[in-house]
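pasting the structure only:
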């Protein structure tokens with residue numbers, strides 16, 4: 001192998017490509033699931049730097065019959081019912097090693113294992129670690145302002161020309177690019193523009209934390225960011241810190257019990273989840289002494305054929321009709 005030439009050193013790693021069945025028999029004779037096999041490999045293979053299990057997009061999953069429908073918005077955590085790679089009978093796994101010697105030693109370790117077959121041993125040249133940032137720039141959101149990548153200079157805050165917030169792309173759903181996020185940001189801005197109270201806000205299904213963070217930047221003093229995917233909790237906290245409002249955003253996997261109602265509840269998820277949690281979300285909205293709504297509720301993540309079912313369910317809970325907004329093929333309901 002010839003080392004690349006140039007002014008900047010180029011990092012080279014050695015990749016072992018494996019076809020791994022759903023069950024693998026370890027050298028001791030124990031048959032384990034693919035996930036357990038990879039944990040074993042991490043423990044015994046010297047110089048292993050990373051494991052890439054690949055990906056199956058929503059279209060491929062639907063074609064393979066792994067999901068009932070190809071529509072999924074938030075796939076950050078890949079819950080059990082959406083872990084399409086885990087559902088494959090055989091998955092192509094790429095294992096990265098520091099050196100040729102450690103890669104070849106691993107191939108010897110794996111030789112003869114039932115359920116695991118080596119496909120190739122190859123080299124890979126590391127790309128510029130910051131090159132991916134070129135794909136992300138400021139996103140202008142109508143009626144709200146601008147969502148900027150976290151690494152750009154500047155300070156978050158409202159201004160006459162529009163609000164500016166900073167979000168790290170890639171960790172958790174919600175960079176400002178998706179229509180559902182834009183619809184929710186516009187609804188939030190409308191709530192504040194009308195002079196409505198924004199002391200306590202619930203961001204249910206928080207993803208990157210963008211909606212709760214935007215609410216805090218716009219003045220909310222107390223935000224609960226509820227996200228079942230614990231792997232993005234630190235990313236939400238980091239996004240909150242980047243926007244200077246970390247002390248006003250609490251991150252948790254579940255809605256806290258009790259406490260006063262929220263001035264505004266934001267839920268950008270999918271229709272089945274919204275319908276399942278209708279009673280909980282409806283009860284979370286602050287009420288007047290006579291029982292009427294004092295707070296507001298914003299629901300998004302809806303396609304056209306789902307809107308009526310969601311409206312019907314929430315009208316039972318809230319006893320009011322929503323304002324219906326659309327962007328592209330996506331729909332948003334404002335109950336205020």
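Right, received. Where do you want to start? Keep in mind it's a predicted model, so treat the numbers as computed, not measured.

Could you check how many residues crowd around the closest residue to residue 56 other than its chain neighbours?
Leaving aside its sequence neighbours, residue 56 sits nearest to residue 84 (CB to CB, 6 or more residues apart in numbering; 3.9 Å). C-betas here are computed from N, CA, C, even on glycine. Residues near residue 84, counting by other CB atoms under 10 Å, number 22.

And residue 91, which helix or strand is it part of?
Counting by DSSP states H and E, the element that carries residue 91 is strand 90-97.

Return the list of helices and strands in contact with the next helix or strand after that strand.
Moving toward the C-terminus from strand 90-97, the next helix or strand (DSSP H and E) is helix 100-110. With contacts defined as 3 or more CB pairs under 8 Å, 6 or more residues apart in numbering; DSSP states H and E, helix 100-110 has these neighbours: strand 12-21, helix 34-44, strand 90-97, strand 116-125.

now the strands: where do they sit in the stretch 201-336 of the chain?
Counting by DSSP state E, counting those that start in this stretch, the stretch 201-336 of the chain has strands at residues 222-226, 249-252, 264-268, 296-303, 323-327, 330-335.

Okay, angle between the fifth one and strand 296-303 too, please.
To tie it back to what came earlier, the one meant is strand 323-327. 40 degrees (axes from the mean of the first three to the mean of the last three CA atoms, to 10 degrees).

With the last one instead?
Calculated by the same axes, to 10 degrees, strand 330-335 forms an angle of 160 degrees with strand 296-303.

Note down every partner strand of strand 330-335 and its orientation.
Strand 330-335 sits in its sheet next to strand 296-303 (antiparallel), strand 323-327 (antiparallel), going by DSSP bridges.

quick revisit: deepest-packed of the strands of the stretch 201-336 of the chain, please.
strand 264-268 (a mean of 27; mean count of other CB atoms under 10 Å).

returning to what we had before: which one of the helices and strands packed on helix 100-110 lies nearest to residue 316?
Among the helices and strands packed on helix 100-110, the nearest to residue 316 by CB to CB is helix 34-44 (41.4 Å).

and the next element down the chain from that closest one?
Counting by DSSP H and E, what follows helix 34-44 is strand 48-52.

Pull out the buried residues from that next one.
Residues 48, 51 are the ones in strand 48-52 that count as buried (16 or more other CB atoms under 10 Å).

Show residues contacting it.
Residues outside strand 48-52 that contact it (CB atoms under 8 Å, 6 or more residues apart in numbering) are 13, 38, 41, 42, 93, 94, 95, 96, 97, 98, 102, 106.

if we can go back for a sec, save the helices and strands packed on helix 100-110 as CSV, and put in mean neighbour count, distance to residue 161 and mean pLDDT too.
Shown next, in CSV, are the helices and strands packed on helix 100-110 (neighbours: other CB atoms under 10 Å; distance: least, CB to CB, whole Å; pLDDT from 0 to 100):
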stretch, mean neighbour count, distance to residue 161, mean pLDDT
strand 12-21, 19, 46, 92
helix 34-44, 16, 49, 94
strand 90-97, 19, 46, 94
strand 116-125, 13, 43, 91
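
Can you list the residue ranges for helices in the stretch 201-336 of the chain?
Counting by DSSP state H, counting those that start in this stretch, the stretch 201-336 of the chain has helices at residues 210-217, 233-242, 271-276, 278-284, 307-318.

of all those, which lies closest to residue 113?
The nearest among the helices of the stretch 201-336 of the chain, by CB to CB, is helix 233-242 at 35.2 Å.

which stretch among the strands of the stretch 201-336 of the chain comes nearest residue 200?
Counting by CB to CB, residue 200 lies closest to strand 222-226 out of the strands of the stretch 201-336 of the chain; the figure is 4.7 Å.

could you say what helices and strands the closest one packs with?
Where contact means 3+ CB pairs under 8 Å, 6+ apart, strand 222-226 is packed against strand 200-204, helix 210-217, strand 249-252.

mind checking how far the second one is from the chain centre?
Centroid separation for helix 210-217 versus its chain: 16 Å, with CA atoms, centre = their mean, to the nearest Å.

Stretch 86-103 too?
25 Å.

longest helix of this protein?
Longest helix in the chain by number of residues (criterion: DSSP state H): helix 179-193.

Please name every helix or strand in contact with that helix.
The contact analysis (3+ CB pairs under 8 Å, 6+ apart) places helix 179-193 against strand 139-141, helix 210-217, strand 264-268, strand 296-303, strand 323-327, strand 330-335.

could you give the angle of the fourth one to helix 179-193?
Computed with the same axes, to 10 degrees, the direction of strand 296-303 lies at 160 degrees from that of helix 179-193.

What average pLDDT does strand 296-303 get?
For strand 296-303, the mean pLDDT works out to 96.

From the rest of the structure, what touches it?
Contacts of strand 296-303 (CB under 8 Å, 6+ apart): 71, 73, 180-181, 183-184, 187-188, 191, 196, 263-271, 274, 281-282, 285, 310, 314, 318, 322, 329-336.

re the thing from before, and the strands of the stretch 201-336 of the chain as a markdown table, adding distance to residue 164?
Listed next are these as a markdown table, based on distance: least, CB to CB, whole Å:
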| stretch | distance to residue 164 |
| --- | --- |
| strand 222-226 | 18 |
| strand 249-252 | 17 |
| strand 264-268 | 19 |
| strand 296-303 | 21 |
| strand 323-327 | 21 |
| strand 330-335 | 22 |
